[in-house]
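Peer 1: Model the following, please.
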Amino acid sequence: MNIGEASKATGISVKMLRYYEEIGLVRPALREYSGYRVYSDKNIAVLRFVRRARDLGFQVKQIAALLDLWQDGSRASADVKSLAMDHVRELEQRRRELDEMIATLEHLAHHCHGDARPDCPILTGLSAEEEMLAKAKAKSKPRRKFAAAG
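Peer 2: As a prediction, this is how the structure comes out:
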């Protein structure tokens, strides 16, 4: 199977297939004498695994760990479960952050008249957030103490 067919069979773009090989996430496909990649059934199974892991939001580094575990017949399922539960906690944190963003935007949009007037609480709220973040960053930066010259 060539790279285009592998892309269709796995739902991974040709560009991403090449990238995954380049970074070592998956082993490079064998090449014909002409230089074209040839994907075996085993390559396709691995790529489908990667695709499913990506669909579940795992990052490349996590997928590499999952692939190692998947291919290790003597693995402990506790290791797989631990990795999955760590990811669940990350997803829950992202969901909380998304919920906060939604609530903020809904609040700002609720206070916007949405008419021809230039006054817009959404833009005001966005600029106020930026100012607050800048102030918070400035406060959190450690200040340099200068030693007295002696």
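
Peer 1: Spell out the residue ranges of the strands in the protein.
Peer 2: Counting by DSSP state E, the chain has strands at residues 30-31, 37-38.

Peer 1: Give me the most central residue, the chain.
Peer 2: Q59 (5.3 Å; CA atoms, centre = their mean).

Peer 1: Quick check: the gap between that residue and R52.
Peer 2: Q59 is 14 Å from R52, where distance means CB to CB, to the nearest Å. The C-beta positions use only the backbone N, C-alpha and C, and glycine is treated the same way.

Peer 1: so V14 sits right up against I3, yeah?
Peer 2: Yes. If you go by CB atoms under 8 Å, V14 and I3 touch, sitting 5.4 Å apart.

Peer 1: Give me the mean pLDDT for stretch 45-63.
Peer 2: The average of the pLDDT scores along stretch 45-63 is 97.

Peer 1: Next, the buried residues of that stretch.
Peer 2: Residues of stretch 45-63 classed as buried: V46, L47, F49, V50, R51, A53, R54, F58, Q62, I63 (neighbour count, 16 or more other CB atoms under 10 Å).

Peer 1: Do I have it right that the fourth one meets R27?
Peer 2: What it means is V50. No. If you go by CB under 8 Å, V50 and R27 don't touch, sitting 11.7 Å apart.

Peer 1: Convert stretch 40-48 to PDB, retaining C-alpha atoms only.
Peer 2: Output in PDB follows, covering the C-alpha atoms of stretch 40-48 (Å, rounded to 0.1, in the frame of the first residue of the first chain):
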ATOM      1  CA  SER A  40       2.300  -3.200   5.500                       C
ATOM      2  CA  ASP A  41      -0.800  -4.300   7.400                       C
ATOM      3  CA  LYS A  42       1.300  -4.000  10.600                       C
ATOM      4  CA  ASN A  43       2.200  -0.300   9.700                       C
ATOM      5  CA  ILE A  44      -1.500   0.300   9.100                       C
ATOM      6  CA  ALA A  45      -2.400  -1.200  12.500                       C
ATOM      7  CA  VAL A  46       0.100   1.000  14.200                       C
ATOM      8  CA  LEU A  47      -1.100   4.100  12.400                       C
ATOM      9  CA  ARG A  48      -4.700   3.400  13.300                       C
END
